[in-house]
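> prediction below, plus the sequence it came from.
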Amino acid sequence: MDEKLKNELSKQGIFTTTLQELYNWGRTNSIWPLNFGLACCAIEMIATTMARYDMARFGAEVFRPSPRQADLMIVAGTVTKKMAPQVVRLYNQMPEPKYVISMGACAISGGPFKQGYNVLKGIDRFIPVDLHIPGCPPRPEALLDAFMELQKRIDRQPLTGADRPRHLNADEPSEFPVPRFGAHDLEPAKNTAVWKAPLVQIAQAGKDESGSH
Amino acid sequence: MNLEAIKSEVEANVPGCRLEMVANPSPSDQHSLRSDAEHAVAVAIVLRDAANLRFDFCSNVTGIDWPSREVSEKVKVKKLVDGVEQEADEIRKTVVPGCLEVVYHLFSVEKKHGPLVLRMRTQDRDAGVHLPSLTPVWRSAELQEREVFDLFGVVFDGHPDLRRLLMWPGFVDHPMRRDYVDPDDYEYEPTAHDEVPRRAQQHRGDAGGKQLSEAEGG
């Protein structure tokens, strides 16, 4: 509908909307996160929900203890290889539409533990991540910013067409393979359907150029 | 409390035990006692129960991996050179066999002294990795001995619940051993440094050529 006409009509006391706007308006303002934290980032996440930062302003104060009732998974903290299958399993148990915020350096890439033997090098190896928040840990403002960005993205999602979101496309998967515990590492160590390694020219490493392109 | 005094007191109470002072040359001056494995439990009980020792709290258990290493030393050897006896230097190489070591830090809450550093060594790093568990003496050692079992592979005989602690049950390696080879899961490193570039090169050499061309094509 034409925006000008819509504004004009609303001045005359006639409220017009579309199904898409109504649908997205409802979803945007009641994103219920899954109630789990993995490390120190969880403390910042908890602080975000408390009175000072008050995530309830955005309709997200209801942290659900069950993945069946959750819309958003905030991966807050270090994902160890031992924990990774459980995180993927929880994600699989969430109903669509579902979103993932990867909070903090560890959940993005393994962070300071990247070269360790027991830490997953980023949860985006196994599940699709909508937003990454850098920081160690990120401040509550950063989490709120990511949350508002997620709201903006949900608000823009079209209900039909080729670029409709995953949950409206029957061909797109809503569950992802859970890695198994192998003898030396998780098997598989990454889901190549979800995650592609960024290409970095290692020959450039250590020089002034960043080596990435 | 003087470590020599502790050593002689324990030796008097545990007949046949072989205690060894391990000097720490660093400014911390924190010397330790190394016990033989057979008498370790008896030694631990004396340390805990003797009236003037009373080490009632085991605060820390950790492991050390000593891989077998080659030691070369110069030895003066008398040799016959052109019929004349001469002294010549010869380098002799001996292999010091490796072992695993477990270190206990003990404190006395009652007597307010400590730490006492108690060590034990396994026979080798392959089959003879058995050591007596001190969990029956100090309950606080339970999880930490499990951790040492998990990460170093020391098998504690007499431990009530010896399972892996940090890694999963099907995991076969011991990650804190010096010869642990971690899985070749290198993809990229935004700030490559130290041995990361070498490992990256290795990864590219093994399987990376294909991956690289794929990524360039896509």
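That came through fine.
> pLDDT below threshold where in the chain?
Using chain A here. A:1, A:198-213 (pLDDT under 70).
> that's the wrong chain, I wanted chain B
Answering for chain B: the residues below the bar, that is pLDDT under 70, span B:1, B:187-192, B:206-218.
> which residue is nearest the middle of it?
For chain B, the residue nearest the mean C-alpha position is residue B:64 (1.9 Å; C-alpha atoms, centre = their mean).
> next one: phi and psi at that residue?
phi -130, psi 140 (degrees, to the nearest 10).
> and residue A:90, what helix or strand is that in?
helix A:84-93 (DSSP states H and E).
> so which elements touch that helix?
In this structure, helix A:84-93 packs against strand A:72-76, with contacts taken as 3 or more C-beta pairs under 8 Å, 6 or more residues apart in numbering or on different chains; DSSP states H and E. Any C-beta I mention is one placed from the backbone N, CA and C, and that applies to glycine too.
> again, only this time at 10 Å
strand A:72-76, strand A:180-181, strand A:186-187 (3 or more C-beta pairs under 10 Å, 6 or more residues apart in numbering or on different chains; DSSP states H and E).
> show me what contacts the residue nearest to the residue nearest to the centre of chain B when sequence neighbours are not counted?
Closest residue to residue B:64 apart from its sequence neighbours, by C-beta to C-beta, 6 or more residues apart in numbering or on different chains: residue B:101 at 4.2 Å. Residues near residue B:101 by C-beta atoms under 10 Å, 6 or more residues apart in numbering or on different chains: B:22, B:34, B:62-66, B:119-122, B:131, B:148, B:152, B:154.
> who does residue B:101 bridge with?
Beta bridges link residue B:101 to residue B:64, residue B:121, judged by DSSP bridges.
> on the three-state scheme, the closest residue to residue A:24 other than its chain neighbours is what?
The shortest distance from residue A:24 to any non-neighbouring residue, by C-beta to C-beta, 6+ apart, is to residue A:155 (5.0 Å). Here residue A:155 is recorded as helix under DSSP: H, G, I helix; E, B strand; the rest coil.
> so residue A:155 is in contact with residue A:21, correct?
Yes - with contacts counted by C-beta atoms under 10 Å, residue A:155 reaches residue A:21, the gap being 8.5 Å.
> buried sites along the helix or strand harbouring residue B:41?
Using DSSP H and E, residue B:41 sits in helix B:40-49. For helix B:40-49, the neighbour count (16 or more other C-beta atoms under 10 Å in any protein chain shown) marks B:40, B:41, B:42, B:43, B:44, B:46, B:47, B:48 as buried.
> and for stretch A:109-129?
If you call a residue buried by 16+ other C-beta under 10 Å, then stretch A:109-129 has these buried ones: A:109-111, A:113-114, A:116-129.
> same thing with stretch B:20-37?
By neighbour count, with 16+ other C-beta under 10 Å as the criterion, the buried positions of stretch B:20-37 are B:32, B:33, B:34, B:35, B:37.
> farthest pair in those?
Largest separation among those by C-beta to C-beta: B:32 and B:37, giving 15.8 Å.
> before we move on, the earlier item: can you give the distance of the helix holding residue A:90 from its chain's centre?
13 Å (C-alpha atoms, centre = their mean, to the nearest Å).
> got the residue ranges for the helices in chain A?
Here chain A has its helices, by DSSP state H, at A:3-11, A:19-28, A:41-49, A:84-93, A:104-109, A:140-156.
> centre of the chain to stretch A:181-198, how far?
Centre to centre, stretch against its chain (C-alpha atoms, centre = their mean), the figure for stretch A:181-198 is 19 Å.
> scratch that, stretch A:162-178
That offset, for stretch A:162-178, works out to 15 Å (C-alpha atoms, centre = their mean).
> just stretch B:51-59 next, same as before
23 Å.
> repeat that for stretch A:12-29.
Taking mean C-alpha positions (C-alpha atoms, centre = their mean), stretch A:12-29 and its chain are 24 Å apart.
> near the residue nearest to residue A:78 when sequence neighbours are not counted, how many other residues are there?
Closest residue to residue A:78 apart from its sequence neighbours, by C-beta to C-beta, 6+ apart: residue A:106 at 3.9 Å. Residues lying near residue A:106 (other C-beta atoms under 10 Å in any protein chain shown) number 29.
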